[in-house]
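A.B. asks: Structure for this input, please:
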Amino acid sequence: MRDFRAGFLIIAAASFFFFLNFSELMLLPKYIVHLGLSPADIGLIMGSFSVTVVIALPLVGIISQRLSRKHVFIAGAAMLCLATPFYALVREMGPLVFALRVVQGIGFSSAFGILGALVFDIAEPDSRRYFLGVLTAVNISTHAIGPAIGEYAIHAWGYPLLFYTAAFFGLFSVIAGLFLPDRSSAEQSSPFPLRQGTPFMASSLMLGVVFGSLAVFVPPFLLTRGIDNSGLFFVSFVAGSLMVWSFLHRPLKKIGDARAWAISLALMLAFPLGIPFLDGRITLAVLALIFGLGYGYLYPTLNAYLLDVFPGMRSLANSLFVWAFNIGMLFASLGFGAVSETWGYERAFLVSGILGLSMLGLIAKLQNRQPSVG
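C.D. replies: Numbers count the residues shown, from 1 in each chain. Reported below is the predicted structural model:
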C-alpha cells in the first residue's frame, strides 16, 4: 500500500505540473486577441493543436503498448515545455505559432494519452475508478491555478511572463517524470474492437465538444461582458470538480452508472445552455461550479469504465478515449469560432449545449455493457 501511495503521488505530481504548463496556455486566445486577430483566427490556431492530437494519439497508443509508458510521458512533457517560451516571439498569424501548436500537440498526446494507464498499472481493481477520478480532479485544479497565475503575470509584467512561467512548470513535470513507477506489462497487439468501443469514443467526443467550446471561448466571451479576468470561471469549475471527488462521488456511485452519468450530463450542460442568464460574476461562478460538478464526474468515470471493459489493451484504449475527446475539442475550436463570428457567442454556446444532449442516447447504450475487472 505504501508503494502504491508513493507511486500515485509521483504520477499526480508529474501530471499536476504538466497540466499547469498546459492550463496557463488556456490564456493563449487572449494573447491572440491582443495581437489583433479574430475569433476565427483563435479557432484556427487552437484547432491546429487539436488536429495534431487527433493524428498523433492513435500512434502514441500503439507505441506505448511496446515502449515504457514512463519514457513516453517524459518525452511528451519535454516537448510541451520546450515549445512554450517561444510564444513570446509570435507577432502575427504565421508559421511560428502553428509550428509551436504542432510540437505541443505531439507532446500532449504522448504524456496525457497514457496517464490513465499509469494509474491502472498500480491501483487495485476496486479503487481504480476512484483514483482516476482523483487524478482528474488534480488535473482540473490546474485549470484554476494556471490561468490565475497567468492572469497575474499578464497584468503585472505582460504576456511573455505568462509563457515563461508555464515553461517553468513544465520543467518540473519532466523532472517528476524521471521518478514515475514503470510497471507496465506487455499488452495485446490485436486491433482495438472499434464496434464495441464506439459508444465510449462517441461519448468522449461530445465531452470534448462541450468542454472545448467553454475552455477555449469563455475567456474571450467574458471580455464582451466586461469581465477581463477569467480566473473566476476556472476557479469555480475546479471547485465543482473537487467537490465531486471529496464526497459527492459516493452517492452518485450508489445510484448506478447510467443515472449518475445522466445527472452529471445535466449539470455539465447547465453552463452552455445557461449563458443567456449570465449577467455578472455571481452567475458566472454558480454556472461554472455546476459545470465542474458534472464534468468532474463524467469524464474520469467514463474513461475508467472503458479501461475496465478492455483490460488487455489499456494503453491503446486510453489513447483512443483521449483521441475522441480531442476530436471534439477540434470541432469546438474550428466550428465554434466560425459560428460565434457569424451568430455571436451566445448562440454558439447554445449549439454546443444542444449537441451535448446527444450523450443521453450514448449513455443508454453504455449501461448495458459490463466491465471486466483486471
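A.B. asks: Can I get the strand or helix carrying Leu316 in PDB, CA atoms only?
C.D. replies: Leu316 belongs to helix 314-331 when elements are defined using DSSP states H and E. Taking C-alpha atoms only, helix 314-331 is exported to PDB below (Å, rounded to 0.1, in the frame of the first residue of the first chain):
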ATOM      1  CA  ARG A 314      -5.400  -0.200 -21.700                       C
ATOM      2  CA  SER A 315      -2.700   2.000 -23.300                       C
ATOM      3  CA  LEU A 316      -4.500   1.900 -26.700                       C
ATOM      4  CA  ALA A 317      -8.000   2.200 -25.100                       C
ATOM      5  CA  ASN A 318      -6.900   5.200 -23.000                       C
ATOM      6  CA  SER A 319      -5.300   6.900 -26.000                       C
ATOM      7  CA  LEU A 320      -8.400   6.400 -28.100                       C
ATOM      8  CA  PHE A 321     -10.600   7.800 -25.400                       C
ATOM      9  CA  VAL A 322      -8.400  10.900 -25.200                       C
ATOM     10  CA  TRP A 323      -8.200  10.900 -29.000                       C
ATOM     11  CA  ALA A 324     -12.000  11.100 -29.400                       C
ATOM     12  CA  PHE A 325     -12.100  13.800 -26.700                       C
ATOM     13  CA  ASN A 326      -9.700  15.900 -28.800                       C
ATOM     14  CA  ILE A 327     -11.700  15.400 -32.000                       C
ATOM     15  CA  GLY A 328     -14.500  17.000 -30.100                       C
ATOM     16  CA  MET A 329     -12.100  19.800 -29.000                       C
ATOM     17  CA  LEU A 330     -11.100  20.200 -32.600                       C
ATOM     18  CA  PHE A 331     -14.700  20.500 -33.800                       C
END
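A.B. asks: Distance from the chain centre to it, please.
C.D. replies: 10 Å (CA atoms, centre = their mean, to the nearest Å).
A.B. asks: Could you do stretch 334-354 as well?
C.D. replies: In terms of CA atoms, centre = their mean, the gap separating the centre of stretch 334-354 from the centre of its chain is 20 Å.
A.B. asks: Can you list the buried residues in it?
C.D. replies: Residues 334-337, 339-341, 345, 348-353 are the ones in stretch 334-354 that count as buried (16 or more other CB atoms under 10 Å). Backbone N, C-alpha and C define where each C-beta goes, glycine included.
A.B. asks: What average pLDDT does the host helix or strand of Val138 get?
C.D. replies: Using DSSP H and E, Val138 falls within helix 128-157. Taken as a whole, helix 128-157 has a mean pLDDT of 89.
A.B. asks: Now do the helix or strand harbouring Phe349: distance to the chain's middle.
C.D. replies: Phe349 belongs to helix 345-356 when assigned by DSSP H and E. Counting by CA atoms, centre = their mean, helix 345-356 is centred 19 Å from the centre of its parent chain.
A.B. asks: Which element is encountered next along the chain beyond it?
C.D. replies: According to DSSP H and E, the helix or strand after helix 345-356 is helix 359-366.
A.B. asks: Residues contacting that next one, please?
C.D. replies: 199-200, 202-203, 206-207, 257-258, 261-262, 265, 302, 305 (CB atoms under 8 Å, 6 or more residues apart in numbering).
A.B. asks: Helices - which of those residues land there?
C.D. replies: 199-200, 202-203, 206-207, 257-258, 261-262, 265, 302, 305 (DSSP state H).
A.B. asks: any idea which of the residues you listed is closest to Leu214?
C.D. replies: Leu207 (11.2 Å; CB to CB).
A.B. asks: Next, find the distance separating that closest one from Gly296.
C.D. replies: 12 Å (CB to CB, to the nearest Å).
A.B. asks: Which one's more surrounded, those two?
C.D. replies: Higher neighbour count among Leu207 and Gly296: Gly296, with 28 against 24, using other CB atoms under 10 Å.
A.B. asks: Distance check, that one against Gly133.
C.D. replies: Taken as CB to CB, the span from Gly296 to Gly133 is 8 Å.
A.B. asks: One more: Ala324?
C.D. replies: Ala324 is 19 Å from Gly133, by CB to CB.
A.B. asks: pLDDT weak spots in the stretch 251-374 of the chain?
C.D. replies: Applying pLDDT under 70 to the stretch 251-374 of the chain flags the ranges 311-312, 367-374.
A.B. asks: actually the stretch 101-250 of the chain, not the one I wrote
C.D. replies: 183-197.
A.B. asks: swap the cut-off to 50 and go again
C.D. replies: Low-confidence segments of the stretch 101-250 of the chain (pLDDT under 50): 186.
A.B. asks: For it, just list every one of the helices.
C.D. replies: Here the stretch 101-250 of the chain has its helices, by DSSP state H, counting those that start in this stretch, at 115-122, 128-157, 159-177, 194-224, 231-243, 249-254.
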